[in-house]
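Enquirer: A structural model of the following input is requested.
(chains A, B, C and D)
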There are 4 protein chains.
Amino acid sequence: MTYENGKVKDIKIAYIGGGSRGWAWGLMSDLVSAEDISGTVNLYDIDLAAAKNNAVIGEKFNSAEGAKSHWTYRVLETLDGALEGADFVIISILPGTFEEMKSDVHTPEKYGIYQSVGDTTGPGGIIRALRTIPMFEVIAEGIKNVCPDAWVINYTNPMTLCVKTLYRVFPQIKAFGCCHEVFGTQNLLAEAYASITGEEKPSRQEININVVGINHFTWITSAYYKNTDLFPIYREFAEKYKDGYTVGWDEKKFNNVFAYTQKVKFDLFSRFGYIAAAGDRHLAEFCPGKWYLSSPESVREWGFWLTPVSWRVDDLKNRLAKSAGYIDGTITPTIKNTGEDGVKQMRALLGLGNLKTNVNIPNYGQIPNLPLGAVVETNAFFSSGTVSPIFSYDVPKEIYPLVSRIVSEQEIISDAGAKRDLEAAFLAFICDPLVTTSIADSRKLFYEMIGNTKKYLGEYLK
Amino acid sequence: MTYENGKVKDIKIAYIGGGSRGWAWGLMSDLVSAEDISGTVNLYDIDLAAAKNNAVIGEKFNSAEGAKSHWTYRVLETLDGALEGADFVIISILPGTFEEMKSDVHTPEKYGIYQSVGDTTGPGGIIRALRTIPMFEVIAEGIKNVCPDAWVINYTNPMTLCVKTLYRVFPQIKAFGCCHEVFGTQNLLAEAYASITGEEKPSRQEININVVGINHFTWITSAYYKNTDLFPIYREFAEKYKDGYTVGWDEKKFNNVFAYTQKVKFDLFSRFGYIAAAGDRHLAEFCPGKWYLSSPESVREWGFWLTPVSWRVDDLKNRLAKSAGYIDGTITPTIKNTGEDGVKQMRALLGLGNLKTNVNIPNYGQIPNLPLGAVVETNAFFSSGTVSPIFSYDVPKEIYPLVSRIVSEQEIISDAGAKRDLEAAFLAFICDPLVTTSIADSRKLFYEMIGNTKKYLGEYLK
Amino acid sequence: MTYENGKVKDIKIAYIGGGSRGWAWGLMSDLVSAEDISGTVNLYDIDLAAAKNNAVIGEKFNSAEGAKSHWTYRVLETLDGALEGADFVIISILPGTFEEMKSDVHTPEKYGIYQSVGDTTGPGGIIRALRTIPMFEVIAEGIKNVCPDAWVINYTNPMTLCVKTLYRVFPQIKAFGCCHEVFGTQNLLAEAYASITGEEKPSRQEININVVGINHFTWITSAYYKNTDLFPIYREFAEKYKDGYTVGWDEKKFNNVFAYTQKVKFDLFSRFGYIAAAGDRHLAEFCPGKWYLSSPESVREWGFWLTPVSWRVDDLKNRLAKSAGYIDGTITPTIKNTGEDGVKQMRALLGLGNLKTNVNIPNYGQIPNLPLGAVVETNAFFSSGTVSPIFSYDVPKEIYPLVSRIVSEQEIISDAGAKRDLEAAFLAFICDPLVTTSIADSRKLFYEMIGNTKKYLGEYLK
Amino acid sequence: MTYENGKVKDIKIAYIGGGSRGWAWGLMSDLVSAEDISGTVNLYDIDLAAAKNNAVIGEKFNSAEGAKSHWTYRVLETLDGALEGADFVIISILPGTFEEMKSDVHTPEKYGIYQSVGDTTGPGGIIRALRTIPMFEVIAEGIKNVCPDAWVINYTNPMTLCVKTLYRVFPQIKAFGCCHEVFGTQNLLAEAYASITGEEKPSRQEININVVGINHFTWITSAYYKNTDLFPIYREFAEKYKDGYTVGWDEKKFNNVFAYTQKVKFDLFSRFGYIAAAGDRHLAEFCPGKWYLSSPESVREWGFWLTPVSWRVDDLKNRLAKSAGYIDGTITPTIKNTGEDGVKQMRALLGLGNLKTNVNIPNYGQIPNLPLGAVVETNAFFSSGTVSPIFSYDVPKEIYPLVSRIVSEQEIISDAGAKRDLEAAFLAFICDPLVTTSIADSRKLFYEMIGNTKKYLGEYLK
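Expert: Down below sits the predicted model:
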């Protein structure tokens, strides 16, 4: 890596995963959009062909209209090979396949447990975590051995346990987890401001928030635009749209299984007085099962959808077709801002512009009333060589029962995963807010899900 | 109060409540059993006649067989009058009547929520707390104004919120809450020791335990008899009697609605690895509703009973008959050791013998991973002039999700009660483990229960 | 205050003090340099004439070359009048006169105690704090009553106790203390970088540091420029200039009593491994008396000066002459960047550009191993409507003995001041690192200093 | 170890050290005084002959008048041999010889630094700690490997760093450090009670105190006898005897270099409001050098003595003569209560009677405002199988500057010792309250002391 005239050349990025998902292309787009950084991206995926395709596509982004820098793409056949010399490591893998995800999401439905996402918490999130933890142990070991000084950015879910595992295996790792869910709520606040005051909508970056919590269950405890406190405005907005905020929706949006109408978010705000900062599909999964996810009908009443894995399977087909199109030249890569902060974070760490954004890292005390060492989400300040957590104050008393139980559940799963101990994981399972079944039924469900995904749980079953 | 020849004379005790319950007579029995203390008991109850009856009965205890000291009983018509000059204040009131308790316990059943006790946590415990908090504010104010240096012993439920209210109103109060539930589990450990080793059964006081938690949901994290670690022994015992421990039960015990077979306790131990230290009827109420209390049938399968308030009404009749018998002389008071530590605690504070026992006081840090200021239950050391909490270490990770959510729920109720804010209390209500209904149904239930007990909730309804 | 086209108009600033010092003019210069803010400055000083002069001078700055905005200056005769409607309050007073300062600095010399500044810690700092605390109580009360929502910026020394008093009297106050001492060390790091690497000198803002400690005894625990760790560079630099860093000094600088050669700073670094971030004159006063301040000769050997108050008296004359010149027009105000962050902070709070800088505020946990509530100095992030402390991690073990004793000394002085209790303050006095005299001599010195400054200590002497 | 009829037989004690000191005989006396325990004592000392002598003497204690139990004494030639099968390990060694101690105590006098004891803190305590730490590493390793479940009782100074080293090397060790200094202050409180009230003197065990701090610098923050608060009584007593409390002293006592008149203790109380609970000779060493130890004359004025090591050399001769007398039968062992709690502690751990006493163990949070993991002194409750720290609340604000600097100094020495890093230890040296010399002189002194004791510091000098 060399600095010259305010630019940084020869940066080495190891990109782990990305074979099957849109993330990779978004990153490619963001990378060539930044004129002051350039270098090499090492691609590594267990699906080697996918990595090779991405290498081809990556090169095409270099010549897309508006590209301002050039990145070389290499495909590596081993993890260690990809990590060699890395300044940054980006992790975005799919732990298992959609087969496993199908079990995660849909098996609990037989027991009356509905999940809108199923990859973070709840029965699906827990099982997914169990199979992810051993994979992240391997990655953490690799980083420890090959590039211990690299900055490590994780995008994989379940975020909390991925980051936790990295730090458990290699405590000196310079890792953090990124998630854009909070950004959406910043944007909603900007819309609320415009809607209520009649002023122009600010950018989401202008909405100054304090965040506290855990990934996908993060809470905003203060929000300002200029010298305006946005809480009274949001209160008015939430009241105005208590039946759902669908302004600007077209038919396509109405049929999008990822869409939601903010009713869950508004409901939580009306009760607890703080702004839950993630999509409603995620938020609902952290609440007691009977609140928003008691049945498919209830879900619809609350204005969101259960996302069937079949939809994801179809969607993947679209992406594969797109990949083929990129490669055979029938589709031309276009650069567009993804809204992700990943490239900005890298630039800030290199001294190319400070940045405040939300990240997932261990709790060093930035949230005083959550356990030290648990992975939490707060703001952090990114600047040359450092990610400094911004002190976020206590989780407010009103939402503490909701948040603290999740944090401690995650800690139990972390331990259970480390020890490959299913019975220990079962403790977290029966304490999960979505698991409203009897202990006996919970046990049946748990082991059914384990059985369905045993291909990835070998070490637990010895 | 004067010391003479190793005895303390002219002690003044203010006894608040006690009009309708057996506690008063037990205390009278314990008081006359202690030869080194004597003095006056001021009785105050909103049921003046009951207090007067107790005064008559108290005098009779002075001449019971085996009585070793003499206590004078006075009936006072005002709280302040009773507190005047008090060295000790004992609080044992019934907040409301059995009418309110009937609503607390049975109204939730309409919504499929079953409670085995209903006075500590769950819907019943929460509503009971709301009506109790204003009563304890009055008592705390009285103590602050009239006898600020007195030691205050609370026996009233909901214990946690009673003690919390005393400290909230008068932070310098020298108060603690006493509960014998832990003693029962010490006794069970003694039986386990005898059962498994074939040795003689030790006394419960010889079972050295570390306790951590909150009243009625206290946990034992270490247990020794002599140099023997009792955890392996208890594990064997719990396994042996996993279908219920009913050794020594006669038919009467089998039909006693307060009886339980330890199956809940053994089940929790088999899962979480720590010994829950309260009766199963209490323990079940702190766990997710589907675990042990999903239906009357489930309750029976887990070897305990739902205690109908009608039973309590009948039982009160028996006690009133007994009271009449005491007064007309057809029943003679007999002295028997109640097993309560109240009198021992008083004696220890006077310098008449040190004592280690479990108490409910604010968390000063004796449980590092629970919020400071929350009322918790740990061991304490009683000696001349001081109650010193014994450091109990963190709540273990495995049970932290179960315990911490309850502690934070109690904190929310405390605030809601202080502000007479029903909507704030409703936050705790919907976060309660037993409340497995939808938000809409929960709201209906909550306000139905409020309506049923509105006679005692006037300040909330303004 | 109104927003229009990215600018903020009609801002109201209350400026408390400033009558006799250069700060006021610097602020005026910075204010007119910012094109996006304008409004009114209310001047209040116990020296009314000085305030009036400043109002005249302030108006002249509006028409200085390069002025980009206009500020109206008003003189108010009462504190409350000045605070009326304030959006910002700036406090920069001299507690007492140079007469008192003479006693603070020079009386201890009779006892062999030398102070290079005497306004922060040591005997002088303690006595100054005692007379300042009642003054800040008055200001805090005024803010509480008149403009409770205003942002309050303090520049007065002793910084720690000024800020502490503001929060003690009015806990909801939105106050912070600003000090440029850390900036100087950032600048030194920039010079070290240039000196050792041969590269161009970065701006001090590009030096990304983590700071932890207490005002004037703040420590840098990490420092980066771009992706370069500056600690090895600083180590080399400190070694290279261990006999003093005087590069660029001319004769005037060599004779400047405020100058220092960084020898103290380099010596502390060589021992403790962290970078003390204040001028050597301040740093020396926080260390045991025999280290750097045992005698005037020792001071000279360590490359700094004792600053005689007579020098300050002369300097004031110069400033008064300058004031007269401004007013009679013989001197024309010129705008130059003061390097202070005050105006940037105000702009950031208004949403006109984020800022990370170091501030003095109570410890909410941003430094986990210092007492909660003690005023500490760390970085903070300034953005619309909020000052968020950046988590700074523990004070490192090596310097903890040095730092923690000072923090606890300040806490004792705060209490003593609040209670107007000289004997309580004497506890801090004899624990101070500079006070190396016997208890008897310390007492003589303490009361001699109290006697010398009794004009400002009336409430302590009742 | 077997229990039978309320007695415990076949207890195995490993006694490490003791060859040259009175402790061993005191323990022998206490052991045979307890009728309910018996077993074997394994003696191990680097002075094999001394151990052999002790074995002979130990057997004689078995037949002393009043002996109630029998103990078998064995001499082992290796540490591991002695530890084999141990239920208890007692450590009471002299780290180095009186030659080293002479340097510890007297070398600093050349620099004007006087020490009354020189084995705990100050220059002497620091150097002694450096040579002790490697010795305790060996012992801790032995216990870890040979008898990891044994209870370990340390009597060796410097207490704090001995216990710290045991836990650093073997975190699961069941070790605690015992010291009788607090007992003396309990006794003084009993005398104060008798003196001021005219009542009979209570036993020291009846004085119920709360203790907080670090070994030899422990503080009493509350004290009660029966229901009497002893603080007002102690205040009166301290005032009455402010010129020294020598009631009951005969000429021998006046000439005893270990005697002290409590003037230091009374002086500290008059200032800080809490009761320092150790001998004045120890207390003085923790305070700034100019307070009590500025010169031999000052020491005499404060009513205590500098203890020359030559005195200890003479005293050892007496003890060796006594040893010879025991062995040749010219002196008959007599049983007398030593006042130490060691045997009571062992009995309590075996379930033979609960005990509250003060101990030195790591801080788990029993003193919330001292660093976790630092070894501190508080009360603890001893009962079957457990030593539970009693929560002691924060170190009070007034004495926090005095105490916290010492605790952090000890932490630095621990690290320096673990790393065999003299320069790291020098940081603690120059921060020590007694080291009032310039940095240059301090360095000379430090390395002179290191040179004097290099025989025991080999690993530091590589």
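Enquirer: same for the longest strand along chain A, what does it pack against?
Expert: Criterion DSSP state E: the longest strand present in chain A is strand A:7-17. Applying 3 or more Cβ pairs under 8 Å, 6 or more residues apart in numbering or on different chains; DSSP states H and E, one finds that strand A:7-17 contacts strand A:2-4, strand A:37-44, helix A:79-83, strand A:88-92. Where you see a C-beta, it was placed from the backbone N, CA and C, and this is true even at glycine.
Enquirer: Neighbours of the residue of the stretch 51-200 of chain A found nearest chain C, how many?
Expert: With Cβ to the nearest Cβ, the shortest gap between the stretch 51-200 of chain A and chain C falls at A:Asp87, namely 8.1 Å. Taking other Cβ atoms under 10 Å in any protein chain shown as the neighbour definition, A:Asp87 ends up with a count of 21.
Enquirer: Pretty sure it sits against A:Ala150.
Expert: Yes: taking Cβ atoms under 8 Å as the contact criterion, A:Asp87 and A:Ala150 are neighbours in contact, 5.9 Å apart.
Enquirer: Would you agree A:His180 is in contact with A:Gly339?
Expert: Yes: contact between A:His180 and A:Gly339 holds when scored by Cβ under 8 Å: they sit 6.5 Å apart.
Enquirer: Would you mind listing the buried residues in the host helix or strand of A:Gly58?
Expert: Taking DSSP states H and E as the definition, one finds A:Gly58 inside helix A:48-62. Within helix A:48-62, the residues that count as buried by 16 or more other Cβ atoms under 10 Å in any protein chain shown are A:Ala50, A:Ala51, A:Lys52, A:Asn53, A:Asn54, A:Ala55, A:Ile57, A:Gly58, A:Lys60, A:Phe61, A:Asn62.
Enquirer: Just the strands from the stretch 301-450 of chain A, written as ranges.
Expert: Remark: strands of the stretch 301-450 of chain A, listed N- to C-terminal, are A:355-362, A:375-383, A:386-389; assignment by DSSP state E, counting those that start in this stretch.
Enquirer: Quick check: which of those is nearest to C:Ser442?
Expert: Closest to C:Ser442 of those is strand A:386-389 (Cβ to Cβ; 41.4 Å).
Enquirer: elements contacting the closest one?
Expert: strand A:355-362, strand A:375-383, strand C:208-214.
Enquirer: Any residue of the longest one touching chain C?
Expert: Yes: Strand A:375-383 comes into contact with chain C (Cβ under 8 Å from any Cβ of the partner chain), by way of A:Asn379, A:Phe381, A:Ser383.
Enquirer: Can you tell me the strand partners of that strand and which way each runs?
Expert: strand A:355-362 (antiparallel), strand A:386-389 (antiparallel) (DSSP bridges).
Enquirer: so who does A:Lys253 touch?
Expert: Contacts for A:Lys253 were tallied using Cβ atoms under 8 Å, 6 or more residues apart in numbering or on different chains; they are A:Thr246, A:Ala259.
Enquirer: Rebuild the strands of the stretch 301-450 of chain A as JSON lines, extending it with distance to C:Tyr224 and mean pLDDT.
Expert: Output for the strands of the stretch 301-450 of chain A, formatted as JSON lines (distance: least, Cβ to Cβ, whole Å; pLDDT from 0 to 100):
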{"stretch": "strand A:355-362", "distance to C:Tyr224": "14", "mean pLDDT": "98"}
{"stretch": "strand A:375-383", "distance to C:Tyr224": "7", "mean pLDDT": "98"}
{"stretch": "strand A:386-389", "distance to C:Tyr224": "6", "mean pLDDT": "98"}
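Enquirer: Just say which of these is most tucked in.
Expert: With neighbours defined as mean count of other Cβ atoms under 10 Å in any protein chain shown, those peak in mean count at strand A:375-383, which reaches a mean of 26.
Enquirer: Hey, what's the angle from it to strand A:208-214? Just curious.
Expert: Calculated by axes from the mean of the first three to the mean of the last three Cα atoms, to 10 degrees, strand A:375-383 forms an angle of 140 degrees with strand A:208-214.
Enquirer: The residue in the stretch 201-350 of chain A that chain B sits nearest to - how many residues pack around it?
Expert: Relative to chain B, the nearest point of the stretch 201-350 of chain A is A:Lys290 (4.9 Å; Cβ to the nearest Cβ). Here the number of neighbours of A:Lys290 (other Cβ under 10 Å) works out to 22.
Enquirer: Averaged pLDDT, the longest helix along chain A. What do you get?
Expert: With DSSP state H applied, the helix covering the greatest number of residues in chain A is identified as helix A:122-146. Helix A:122-146 shows a mean pLDDT of 98 in the predicted model.
Enquirer: buried ones in it?
Expert: Within helix A:122-146, the residues that qualify as buried are A:122-137, A:139-140, A:142-144, A:146, counting by 16+ other Cβ under 10 Å.
Enquirer: okay, the strands paired with strand A:375-383 in JSON lines with distance to D:Trp311 next?
Expert: Shown next, in JSON lines, are the strands paired with strand A:375-383 (distance: least, Cβ to Cβ, whole Å):
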{"stretch": "strand A:355-362", "distance to D:Trp311": "55"}
{"stretch": "strand A:386-389", "distance to D:Trp311": "57"}
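Enquirer: Of the ones you listed, which is nearest D:Tyr225?
Expert: If we rank the strands paired with strand A:375-383 by Cβ to Cβ, the stretch that ends up nearest is strand A:355-362, at 49.3 Å.
Enquirer: distance between that closest one and the chain's centre?
Expert: The chain centroid and the centroid of strand A:355-362 are separated by 12 Å, computed with Cα atoms, centre = their mean, to the nearest Å.
Enquirer: Name the residues that touch it?
Expert: Counting by Cβ under 8 Å, 6+ apart, the neighbours of strand A:355-362 from elsewhere in the structure are A:154, A:159-160, A:163-164, A:167, A:175-179, A:182, A:211, A:215, A:218, A:341, A:344-345, A:347-348, A:372-383, A:387, A:389-390, C:354, C:381, C:383.
Enquirer: ok so, going back, which one of the residues of strand A:375-383 next to chain C is nearest chain B?
Expert: Distance ranking of these against chain B, using Cβ to the nearest Cβ, places A:Asn379 first at 23.5 Å.
Enquirer: I figured that closest one hits A:Tyr393, correct?
Expert: No: A:Asn379 lies out of contact with A:Tyr393 (Cβ under 8 Å); the separation is 11.3 Å.
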